[in-house]
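Asker: Here is the input, now give the coordinates:
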Amino acid sequence: MTDRFRLTLGQLNPTVGDLSGNAALARKTWEAGRDAGAQMVALPEMFLTGHDAERLHHNPAFQRDVLTHLKTLAEYCADGPALALGAPWVEGTQVYNAYLILQGGKIAQRVLQHSRGPRSHFDAGPISGPYMVNGLRIGSPIGADGWESDVAETQAETGAEFLLIPNAAPHLRGAMDRRLNHMVARVIETELPLIYLNMTGGQEEQVFDGASFALNPGGRLALQLPAFDDAIAHVNLERGPEGWQIAAGSFAPQPDAPERDYRAMVVGLRDHVAKTGSTQVLIEQAEGNDAALATAIALDALGPENVRRIAIPEEERVHSTLHDSLAALGAGVSTDAFAPSLRGMMLQVLADDAGALLITPQNKTVATMGPAPVPRGDFNPVKDLYQSEVQSLCHWRNETHRDWMQGPAGAALPVLDLSPKNSALDGILRILLDDNGSVNDCVAAGYEGQTAEEVAAQIATRPSQNNRSAPGPRLTAVRAPFWKA
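Answerer: Numbering: from 1, shown residues only. This is a model prediction of the structure:
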């Protein structure tokens, strides 16, 4: 019976649907673990397919391709450490979120997710017991299984000596504290050491933020990996008189709340560009905090050489001609009504001609309350920020530079001040949208009742406005709107 177990963790960035590319990342991580003398190499939840590939998971051809890649990986990893990774698993008509242990040239063991998370498209599996690697019995609650006690406690009661929890958890405000609290609870309940392994990278509106960590019995932090960055870490477990313990590792500094939001937007844009096969973006050189912050995000994500900025002049003669033509047909349309759409069409044509993605920044205050939507474009990095939050992050970026930022260190963003009325508007929107509150809650918080009623009415008549804009990183949890609660 072993008294020492080395585990290699791969906190990495898979791409949805790219089985070959994700398998190559798995092989590279396995080789690093083999060379470091690991007994097992672990990757996050749904690593082989990428997370949220729901349209693919139920496709029979894709399911067969997944199994082929798993078998090929198992054969490649036959001589060396076990490889554990997440992938969909099909049994009859059921499709499960599974964690598979490849060992000895085959798929040796599998764990099925029991607790279906919100909006999950997988079937719920039975609670799986622990699996054994080199004499160590390991329990692996998958993703949502780690948020409740039943799976971890069952695995502990059936002999697990250590918990490894693979996850694909995106950045949301406050999420890191919630994860840590859940994992500490699992450690206290089971009295077992635990490793929480998360993935990194952006995929549509989700940005997985890594920050994997390890806890010893009692909830003591033993390891903290960086937020948002890829990392391969070798972790030693040692058995002493009081059972298994995780040897102390490195503790990466964790960003504060503003930096987490900003980094999520940078990673989200960077990976949206890369994973759609593009290299450059085009953004209108316009006034306002939205354009200033979106430009800074693009520069930090892609570098100045990959950000094309263009100013679209107001073509009064074109607008006037269109207005006169419409008037001749009896249509009473103002120039202001079609000018944004015309400008948007011009920008999209220019972006397409340059082979670049079009960035169309619009904060959610304007998306909810503004007179007209911004042209859709390809990506909106400030989509989940209120206008006051955009302003705050502009100030933060002017005062901050990090090694991961590719934009210039000394450049100052032009920041426009907000009126007291606009600041109050954001406060009302936070209560109604983020807190699922009511007009009465707004009044109780000190806002004018009539203004709150007008805002609530506007939201109720435009509930899907934000969904019609380009995708962008989600920073806040999705809540049921107050008019549907």
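
Asker: now the residue positioned nearest the centre of the chain, what's its secondary structure?
Answerer: Closest to where the C-alpha atoms of the chain average out (Cα atoms, centre = their mean) is residue 207, at 1.8 Å. On the three-state scheme (DSSP: H, G, I helix; E, B strand; the rest coil), residue 207 is labelled strand.

Asker: That one and residue 227 touch, don't they?
Answerer: No. Contact status for residue 207 versus residue 227: not in contact, 10.6 Å apart, counting by Cβ atoms under 8 Å. In short, each C-beta sits where N, CA and C put it, glycine included.

Asker: Next, count neighbours for residue 304.
Answerer: Neighbours of residue 304 under the rule other Cβ atoms under 10 Å: 13.

Asker: For it, which non-adjacent residue is closest in space?
Answerer: The spatially closest residue to residue 304, leaving aside those adjacent along the chain, is residue 407, at 7.0 Å (Cβ to Cβ, 6 or more residues apart in numbering).

Asker: do residue 395 as well
Answerer: Taking Cβ to Cβ, 6+ apart as the measure, residue 395 lies nearest to residue 415, with 6.1 Å between them; neighbours along the chain are not counted.

Asker: how about that neighbour, what does it touch?
Answerer: Applying Cβ atoms under 8 Å, 6 or more residues apart in numbering, one finds that residue 415 lies in contact with 289, 292, 391, 394, 395, 398.

Asker: Quick check: it vs residue 404, distance?
Answerer: Residue 415 sits 22 Å away from residue 404 when distances are taken as Cβ to Cβ, to the nearest Å.

Asker: re the thing from before, quick check, the residue nearest to residue 395 in a strand?
Answerer: No. Counting by three-state DSSP, residue 415 falls outside a strand, being coil.

Asker: which intervals of the stretch 301-450 of the chain have sub-threshold pLDDT?
Answerer: When the per-residue scores of the stretch 301-450 of the chain are filtered using pLDDT under 70, the ranges that remain are 313-341, 371-375.

Asker: And the helices in it?
Answerer: Using DSSP state H, counting those that start in this stretch, the helices assigned to the stretch 301-450 of the chain run over residues 316-328, 335-354, 364-369, 387-399, 420-429, 439-444, 449-461.

Asker: Rebuild these as CSV, extending it with mean neighbour count.
Answerer: What follows is these, written out as CSV (neighbours: other Cβ atoms under 10 Å):
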stretch, mean neighbour count
helix 316-328, 12
helix 335-354, 15
helix 364-369, 20
helix 387-399, 19
helix 420-429, 17
helix 439-444, 17
helix 449-461, 15
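
Asker: Can you convert those helices into JSON lines and add a column each for distance to residue 37?
Answerer: Formatted as JSON lines, the helices of the stretch 301-450 of the chain follow (distance: least, Cβ to Cβ, whole Å):
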{"stretch": "helix 316-328", "distance to residue 37": "69"}
{"stretch": "helix 335-354", "distance to residue 37": "50"}
{"stretch": "helix 364-369", "distance to residue 37": "50"}
{"stretch": "helix 387-399", "distance to residue 37": "43"}
{"stretch": "helix 420-429", "distance to residue 37": "54"}
{"stretch": "helix 439-444", "distance to residue 37": "58"}
{"stretch": "helix 449-461", "distance to residue 37": "58"}
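
Asker: Select, out of these, the one closest to residue 116.
Answerer: The closest of the helices of the stretch 301-450 of the chain to residue 116 is helix 364-369. By Cβ to Cβ, the value is 29.2 Å.

Asker: List of residues touching that closest one?
Answerer: 290, 373-374, 383-388, 422, 425-426, 429, 433, 455, 458-459, 462, 465-466, 469.

Asker: where exactly do the strands run in the stretch 1-150 of the chain?
Answerer: 4-11, 40-42, 82-91, 94-103, 106-112, 131-133, 136-139 (DSSP state E, counting those that start in this stretch).

Asker: Of the ones you listed, which stretch is the most buried?
Answerer: Each of those was assessed for mean neighbour count using mean count of other Cβ atoms under 10 Å. The highest is strand 40-42, with a mean of 27.

Asker: That strand - what's its average pLDDT?
Answerer: In this model, strand 40-42 has a mean pLDDT of 98.

Asker: on that earlier part again, so which of the helices of the stretch 301-450 of the chain is nearest residue 232?
Answerer: Per Cβ to Cβ, nearest to residue 232 of the helices of the stretch 301-450 of the chain: helix 387-399, 30.1 Å.

Asker: what's the angle from that closest one to helix 420-429?
Answerer: Orientation of helix 387-399 against helix 420-429 (axes from the mean of the first three to the mean of the last three Cα atoms, to 10 degrees) gives an angle of 110 degrees.

Asker: now for helix 387-399, which elements pack on it?
Answerer: Under the contact criterion of 3 or more Cβ pairs under 8 Å, 6 or more residues apart in numbering; DSSP states H and E, helix 387-399 touches helix 257-275, helix 289-302, helix 364-369, helix 420-429.

Asker: ok, and what's touching it?
Answerer: Among residues not part of helix 387-399, those counted as contacts by Cβ under 8 Å, 6+ apart are 258-259, 261-262, 289-290, 292-293, 296, 363, 365-366, 382, 385, 412-413, 415-418, 422-423, 425-426.

Asker: Of those residues, just the buried ones, PyMOL syntax please.
Answerer: The command below creates a PyMOL selection of those among the contacts of helix 387-399 that count as buried (16 or more other Cβ atoms under 10 Å):
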select buried, resi 259+261+262+289+290+292+293+296+363+365+366+382+385+413+415+418+425+426
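
Asker: coming back round to it: for residue 120, which of the helices of the stretch 301-450 of the chain is the nearest?
Answerer: Nearest to residue 120, of the helices of the stretch 301-450 of the chain and by Cβ to Cβ, is helix 364-369 at 26.3 Å.

Asker: can you map out the strands along the stretch 151-300 of the chain?
Answerer: Listed in chain order, the strands of the stretch 151-300 of the chain (DSSP E, counting those that start in this stretch) span residues 162-166, 194-197, 200-203, 206-209, 213-216, 220-224, 231-240, 243-246, 281-284.

Asker: Report all helices and strands that the second one contacts.
Answerer: So that's strand 194-197. With 3+ Cβ pairs under 8 Å, 6+ apart as the test, strand 194-197 has strand 4-11, strand 162-166, helix 175-190, strand 213-216 packed against it.
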